[in-house]
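**Student:** coordinates only, sequence not included:
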């Protein structure tokens, strides 16, 4: 069950609780599944890590979610830390909930699928086969079967950071956020000068694209830092495509693997800054603003602006709905509280915990007709929810 913040201080409590769970591979709002595929492009079977947000299974038929693809999910210590970061920040509504796919590699295929190597008799490089797998097989499957939208973030480290850089030159119109950690770019098929020229061409980036690169400052990271320093220096003196936002940072003393997971939290906060500002602006400004005469319209407007700034068709977080509705309930503005819960139900009609709240709100409003209407809807939703045991169903029904 999702933790539901009611007051501002609840966010602190959530943060403390999630910190206690960071070493666990059981996530609060993301599943921990395996997606088994046979890929015609890779000519092999592959088991992908799949993490669906809790709200996906509760959402309406037309609600879709952004996609994050993380390469190198085979790392047993680093990868769970990264997913826990997504989990933590999603609960706090600092980033939108996203469909996360982890792509594992092994000793035999990691270089092949991230380089210009070809198998005997094959006209395609391994890196081309990986590109085709991602954009001709995996992403279409996520859209057709898992309610994915067009927003795409890709994250890679070391050799898979080179893969990210390569994909940025091949699929720039389909990538919203590219993250290359401890990466490099001076290797074929990205020849000397090609990558810089590509990033500097306005025509290659028809919509806003964020590009993050990082390196550690340890001796182990020297070669990666040198290449990233060179790229940053180049664009301090040359024009970069107007729709491309290049962000370079270093992590003091970070070794090669530490730089992988250590970079992720700040990159997520930066890349989704506008989304994260919503919860902060509302909890500490807009909820107390007496001139905010139409709060629900103001909130919808905040979501719409994300599409304009980030090309992100963002969904409200369940944390948004509970936080704001609870505030207006506490101030006895039942009508506005009902507006927020109703919006939540528009997006997530199968999220059962919304129903007791809206029933309570109609009761406080002396609206018996709508109270009874939502009690009946709630009973039907409970009966239809296959994830609930009979005792759990009875426990929910006993108050009605």
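**Tutor:** Nice, I can see it. Note that this is a predicted model, so its numbers are computed, not measured.
**Student:** ok, residue 54 to residue 399 distance?
**Tutor:** According to Cβ to Cβ, to the nearest Å, residue 54 and residue 399 sit 23 Å apart. No exception for glycine: its C-beta is placed from N, CA and C like everyone else's.
**Student:** which one's more surrounded, the two?
**Tutor:** More crowded of residue 54 and residue 399, by other Cβ atoms under 10 Å: residue 54, with 20 against 9.
**Student:** quick check: chain neighbours aside, which residue is closest to the more buried one?
**Tutor:** Using Cβ to Cβ, 6 or more residues apart in numbering and skipping residues adjacent in sequence, the residue nearest residue 54 is residue 29, 4.5 Å away.
**Student:** tell me, how many residues neighbour that neighbour?
**Tutor:** Residues lying near residue 29 (other Cβ under 10 Å) number 21.
**Student:** give the contact list for residue 109.
**Tutor:** residue 126 (Cβ atoms under 8 Å, 6 or more residues apart in numbering).
**Student:** could you look up the SS state of it?
**Tutor:** coil (DSSP: H, G, I helix; E, B strand; the rest coil).
**Student:** when you give positions from now on, start the count at 375
**Tutor:** New numbering, starting at 375: the last item is residue 483.
**Student:** domain assignment for the chain?
**Tutor:** For the chain, automatic domain parsing gives the domain ranges 384-645, 651-771.
**Student:** strands of the stretch 475-624 of the chain, start to end?
**Tutor:** 522-531, 551-555, 583-590, 618-625 (DSSP state E, counting those that start in this stretch).
**Student:** mind checking which of those is nearest residue 740?
**Tutor:** strand 522-531 (40.5 Å; Cβ to Cβ).
**Student:** what does the closest one contact?
**Tutor:** Strand 522-531 is contacted from outside by 438-446, 456, 472-473, 513, 516-517, 536-538, 541, 548-557, 633-634, 638, 645, 684-687, using Cβ under 8 Å, 6+ apart.
**Student:** at 6 Å what do you get?
**Tutor:** Strand 522-531 has contacts (Cβ atoms under 6 Å, 6 or more residues apart in numbering) with 438, 440-446, 473, 516, 537-538, 549-556, 634, 686-687.
**Student:** strand 551-555 and that one, what's the angle between them?
**Tutor:** Calculated by axes from the mean of the first three to the mean of the last three Cα atoms, to 10 degrees, strand 522-531 forms an angle of 10 degrees with strand 551-555.
**Student:** what's the angle between strand 522-531 and strand 583-590?
**Tutor:** Relative orientation of strand 522-531 with respect to strand 583-590: 20 degrees, computed using the same axes, to 10 degrees.
**Student:** list the strands paired with strand 522-531, with their directions.
**Tutor:** If you go by DSSP bridges, strand 522-531 pairs up with strand 439-445 (parallel), strand 551-555 (parallel).
**Student:** in it, what's buried?
**Tutor:** Residues of strand 522-531 classed as buried: 522, 523, 525, 526, 527, 528, 529, 530, 531 (neighbour count, 16 or more other Cβ atoms under 10 Å).
**Student:** out of those, who's nearest residue 729?
**Tutor:** Top of the list for closeness to residue 729, among these and by Cβ to Cβ, is residue 523 at 26.8 Å.
**Student:** quick one, phi/psi of the spatially closest residue to the closest one that is not a sequence neighbour?
**Tutor:** Excluding the flanking residues, the one nearest residue 523 by Cβ to Cβ, 6+ apart is residue 438, at 3.8 Å. Note on residue 438: its backbone torsions stand at phi -130, psi 170 [degrees, to the nearest 10].
**Student:** what about residue 438, neighbour count?
**Tutor:** Residue 438, neighbours per other Cβ under 10 Å, totals 19.
**Student:** hmm, residue 424 and residue 404 touching each other?
**Tutor:** No - at 9.5 Å, residue 404 does not count as touching residue 424 under the criterion of Cβ atoms under 6 Å.
**Student:** so for these two, which sits in the more crowded spot?
**Tutor:** Ranked by neighbour count (other Cβ under 10 Å), residue 404 and residue 424 place residue 404 first, with 23 against 18.
**Student:** next up, the contacts around the residue lying closest to that one once chain neighbours are set aside.
**Tutor:** Nearest residue to residue 404, sequence neighbours excluded (Cβ to Cβ, 6+ apart): residue 425, at 4.1 Å. By Cβ under 6 Å, 6+ apart, residue 425 lies in contact with 404, 405, 457, 474.
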